[in-house]
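Just need the structure, nothing else, for what follows:
(one chain, ligands or ions: 1)
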Amino acid sequence: MGGAKSGATKPARANKARSRKEWERILVGVRGTILFDAPLERYTSFRIGGPADVLVEPADVDDVCRVVAQAKAAKVPIFVVGGTNLLIRDGGIRGIVLSLAKLKSIRQEPDHVLYAEGGVGMPTLIGYAIRRSLAGLEWGAGIPGTVAGCVVMNAGTRLGEMKDSLKAVCMVDPQGRVVDIPAAEIPFSYRRAHLPPGIVVGVWVQLRPGDHDRIEKTVKDYLQYRKDTQPLTQPSAGCVFKNPPGDSAGRLVDAAGLKGARIGDAQVSEKHANFMVNLGHARAGDVLALIRKVRAAVKKQTGVALELELKIVGQA
Ligand code: EPU
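Residues are numbered from 1 along each chain as shown. All right, here's what the predicted structure looks like:
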């Protein structure tokens, strides 16, 4: 997929920016990568988004704790990128944006449990499970986000959702301490885990022994179904709207005749009407205008007010 197109968006500074020196003071001792005025489009599957004041990729979980504690002391907000159902507005995000891109380890634990750090991609975890003949994650085939993003969103498909596989999560709380939370203590709803405040840095999934070829075939078949029905080769943020009870948002948008509708470089996918794709240089403003157009048309035609699955953050 296309790389970043830095400079395509200009930061709209609503509040006073901190100097580089101030940021360096706040982040002193952090061992990971620190980038200033960093374009966020390359950190989202939509390839859209204005800049972060500071983007931090902590080296490990201890480093996450340090960033969180020091940001709290300086009263600086933190936003974590990594999910796919995300639209960052063109003005970008003030404060610290955290990417878990360096938290990528996976290990097998007793009783068919896998532990994956938050930055591990769902496809990587599924591949790891297949190689060990562990069944249970097949529902997630084709979901491109990180495992942490999948927990926060309770990501799911028609075959299942994250809560079906989750054993526990490891979080860094707002004080910068590591806490483990059993899945049984987390209320889940459609596309949402009701987690305490903090950052998910690791995920335990409970799997079961299975037949290697059968697991692999299920994943491949489901991935093929997704490839046949969804625009997986174009930048997108997954499904834009939640499915209304008993129906499919994609079917409703399609029935309203909106497949292929376009504003700027944002387009309702011609393959699946609940996806919007970035044809090259789409801005968040284009996507938001297209969302308004689609919601109005579906409401007028069917009376259904579509709710957003997409999370919208940042400044206009
Ligand atoms: N349909 C249309 N036109 C379209 C798209 C779909 O008529 O443009 C019809 C299909 O023919 C089918 C029905 O709508 O009869 C349902 O379509 P599909 O099987 O594609 O499932 P979906 O309800 O649209 C859900 C999830 C997807 C997940 C798929 C496959 C939501 C909002 N969507 O889509 O999740 O990939 O099932 O399991 O829960 C996501 O969450 O980001 C996402 C893409």
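
Next, give phi and psi for Arg158.
Torsion angles at Arg158 (phi, psi; degrees, to the nearest 10) stand at phi -70, psi -20.

what about it, how many residues close to it?
Residues near Arg158, counting by other Cβ atoms under 10 Å, number 10. Any C-beta I mention is one placed from the backbone N, CA and C, and that applies to glycine too.

and it, what does it touch?
By Cβ atoms under 8 Å, 6 or more residues apart in numbering, the contact list for Arg158 is empty.

Next one: Ala316 from the ligand, what distance?
Taking Cβ to the nearest ligand atom, to the nearest Å as the measure, Ala316 falls 24 Å from the ligand.

pretty sure that residue is touching Ala289, no?
No. Using Cβ atoms under 8 Å, Ala316 is not in contact with Ala289, being 11.9 Å away.

neighbour count winner among those two?
Taking other Cβ under 10 Å, Ala316 and Ala289 do not tie; Ala289 has more neighbours (14 against 11).

Look up how far Leu279 lies from that one.
Noted for Ala289: a distance of 15 Å to Leu279, by Cβ to Cβ, to the nearest Å.

try Ala116
Ala116 is 33 Å from Leu279, by Cβ to Cβ.

between these two, who's got more neighbours?
Set Ala116 next to Leu279 and count neighbours by other Cβ under 10 Å: Ala116 wins out with 25 against 13.

tell me which residues of the one helix or strand that one maps to are tucked away?
Here Ala116 sits within strand 113-117, counting by DSSP states H and E. Using 16 or more other Cβ atoms under 10 Å as the test for burial, strand 113-117 gives Leu114, Tyr115, Ala116, Glu117.

pLDDT at the first one, what is it?
As summarised for this prediction, Leu114 has a pLDDT of 98.

which stretch of helix or strand covers the residue nearest to it when sequence neighbours are not counted?
Take Leu114 and drop its neighbours on the chain: the residue closest to it by Cβ to Cβ, 6 or more residues apart in numbering is Val205, 5.3 Å away. Using DSSP H and E, Val205 sits in strand 199-206.

who does that strand touch, helix- and strand-wise?
Packing partners of strand 199-206 (3 or more Cβ pairs under 8 Å, 6 or more residues apart in numbering; DSSP states H and E): helix 61-73, strand 113-117, helix 147-152, strand 166-172.

What strands line up against the next helix or strand after that strand, and which way round?
As assigned by DSSP H and E, the chain's next helix or strand after strand 199-206 is strand 208-209. Strand pairing for strand 208-209, determined by DSSP bridges: strand 134-135 (antiparallel).

Strands of the stretch 51-200 of the chain, residue ranges please.
Ranges of strands in the stretch 51-200 of the chain, per DSSP state E, counting those that start in this stretch, are 51-57, 78-81, 86-88, 93-99, 106-109, 113-117, 134-135, 156-157, 160-161, 166-172, 178-182, 188-189, 192-193, 199-206.

avg pLDDT for the third one?
Confidence over strand 86-88 (mean pLDDT, whole number) is 96.

do the last one as well
For strand 199-206, the mean pLDDT works out to 98.

quick one, it and helix 61-73 angle?
140 degrees (axes from the mean of the first three to the mean of the last three Cα atoms, to 10 degrees).

Near the ligand, which residues of this structure? Just list them.
85, 157-158, 229, 238-239, 242-243, 248-251, 254, 272-274, 309 (Cβ under 6 Å from any ligand atom).

Among those, which ones are in helices?
By the criterion of DSSP state H, membership of the residues of the chain next to the ligand in helices covers Thr229, Ala249, Gly250, Arg251, Asp254.
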